[in-house]
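Enquirer: using only what follows, build the 3D model:
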Amino acid sequence: MPKLEIGVLIALVDDMDEQFRHLTGLGLRHGQICSWEPQRWNPQTAESLTESIRKAGVRVTTFWSGLPGPAVWNFTEGPTTIGLVPAEHRAERVETLKHAADFAVRMGFPSITTHVGFLPEDPNDPRFNETVDAIRTVAQYCKERGLEFWFETGQETPVTLLRTIERVGTGNLGVNLDTANVILYGKANPVDALDVIGRYVRDVHAKDGFYPTNGDELGKECPLGEGKVDFPAFVKKLKSLGYAGTLTIEREISGEQQRIDIQKAVKLLQPLC
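Expert: Sure, this is the predicted structure:
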């Protein structure tokens, strides 16, 4: 079976040298670049970021693109604010993803990634076909530029995501499987989700958490190894499918505790790789 790499999600900030020092200080060489600030996606940033990547000797697996406008991470406001599903934000967000694709091309990254939103489970829902059309516009734009377009899991069931990939049909789509998100949103178990979307998994957010305990709020994220994700079973199954990519650690807190939790996550994942 292939040996997997471990990486970390890295924010695009002014001092990328410092960001990469944190990464390499963990003994890692892989990471996703994440940004919610389109004004940074310019030739000047690309030039300095390219130099920082060269000096650090790291590999960027995808460019994770945030989107303009509101994004409320719960069950009540999330469906009307997140991703490409909300019609009032869709056109602007399609253009933002095109901008992200242009930046990824300039950087030589292989793909862009984002949350596309609470995809309707009913394929007869008009919003489903409207969202598929918007995704196809972005995916085709990426394809023409030699990029893939990856969906981060969470707000949709695995079969809904599979249906969306099939309906879009551009051939350059992939999945960034967030092991905790499918649990936090109450949509799936990540091990079982591989039966449905495993062949499309291109990257992983290694994250842990618990199922929701009420109908309005997501479940709670927690350090790796303390939640519901069975990482030994997940990684074993992922590798059996021929996955040879990266396990990208994400810990959605900040400060010193984030650093401590990431270090623990690296130690937990290394024997599984």
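Enquirer: which residues touch the closest residue to Cys273 other than its chain neighbours?
Expert: Sequence neighbours aside, Leu4 is the residue nearest to Cys273 in space, at 4.3 Å (criterion: Cβ to Cβ, 6 or more residues apart in numbering). C-beta: built from backbone N, CA, C; applies to glycine. Going by Cβ atoms under 8 Å, 6 or more residues apart in numbering, Leu4 touches 235, 238-239, 243-247, 272-273.
Enquirer: could you do Phe151 as well?
Expert: With Cβ under 8 Å, 6+ apart, Phe151 has these contacts: 113-116, 161, 164-165, 173-176.
Enquirer: repeat that with 10 Å
Expert: 83, 113-117, 119, 135, 161, 164-165, 168, 173-177, 197, 200, 202 (Cβ atoms under 10 Å, 6 or more residues apart in numbering).
Enquirer: what do you get for His205?
Expert: Here His205 is in contact with 7, 9, 32, 64, 113, 152-154, 176-181, 247-250, 252 (Cβ under 10 Å, 6+ apart).
Enquirer: same check on Leu218?
Expert: Counting by Cβ under 10 Å, 6+ apart, Leu218 makes contact with 73-75, 78, 154-155, 180-181, 183-186, 209-212.
Enquirer: which of these are buried? Put it as a ChimeraX command.
Expert: Filtering the contacts of Leu218 down to the buried ones (16 or more other Cβ atoms under 10 Å) takes a single ChimeraX command:
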select :73,75,78,154,155,180,181,183,184,185,209,210,211,212
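Enquirer: from the contacts of Leu218, which shows the smallest pLDDT?
Expert: Ranked by pLDDT, the contacts of Leu218 bottom out at Gly154, which scores 93.
Enquirer: regarding that residue, what is its secondary structure?
Expert: Three-state assignment for Gly154 (DSSP: H, G, I helix; E, B strand; the rest coil): coil.
Enquirer: residue contacts, it?
Expert: By Cβ under 10 Å, 6+ apart, the contact list for Gly154 reads 73, 78, 82-83, 115-118, 161, 176-178, 180-185, 187-188, 205, 218.
Enquirer: looking at these, which are in strands?
Expert: Within those, residues falling in strands by DSSP state E are 176-178, 205.
Enquirer: mind putting these into TSV with distance to Asp125?
Expert: Formatted as TSV, the ones in strands among the contacts of Gly154 follow (distance: Cβ to Cβ, whole Å):
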residue	distance to Asp125
Asn176	24
Leu177	24
Asp178	24
His205	27
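Enquirer: most neighbours among those, which one?
Expert: Leu177 (30 neighbours; other Cβ atoms under 10 Å).
Enquirer: which non-adjacent residue is nearest Gln258?
Expert: Nearest one to Gln258, counting by Cβ to Cβ, 6+ apart, is Arg251 at 5.1 Å.
Enquirer: need phi/psi at the one you found.
Expert: Here is the backbone geometry of Arg251 (degrees, to the nearest 10): phi -130, psi 110.
Enquirer: so it versus Phe20, what's the distance?
Expert: For Arg251, the distance to Phe20 equals 18 Å [Cβ to Cβ, to the nearest Å].
Enquirer: how about the helices in the chain?
Expert: Ranges of helices within the chain are 16-25, 43-56, 87-107, 126-143, 158-168, 181-184, 190-197, 231-240, 256-269, based on DSSP state H.
Enquirer: which other helices and strands does the fifth one contact?
Expert: Put plainly, it is helix 158-168. helix 126-143, strand 148-152, strand 173-178, helix 190-197 (3 or more Cβ pairs under 10 Å, 6 or more residues apart in numbering; DSSP states H and E).
Enquirer: off-centre distance for it?
Expert: Here the centre of helix 158-168 is set off from its chain's centre by 16 Å, with Cα atoms, centre = their mean, to the nearest Å.
Enquirer: buried set for it?
Expert: 158, 160-165, 168.
Enquirer: number of residues surrounding the residue nearest to Leu97 when sequence neighbours are not counted?
Expert: In space, and not counting its chain neighbours, Leu97 is closest to Val138: 4.6 Å by Cβ to Cβ, 6+ apart. Val138 sits with 26 neighbouring residues when counted by other Cβ under 10 Å.
Enquirer: hang on, isn't Val138 packed against Arg93?
Expert: Yes: with contact defined as Cβ atoms under 10 Å, Val138 reaches Arg93; the gap is 8.9 Å.
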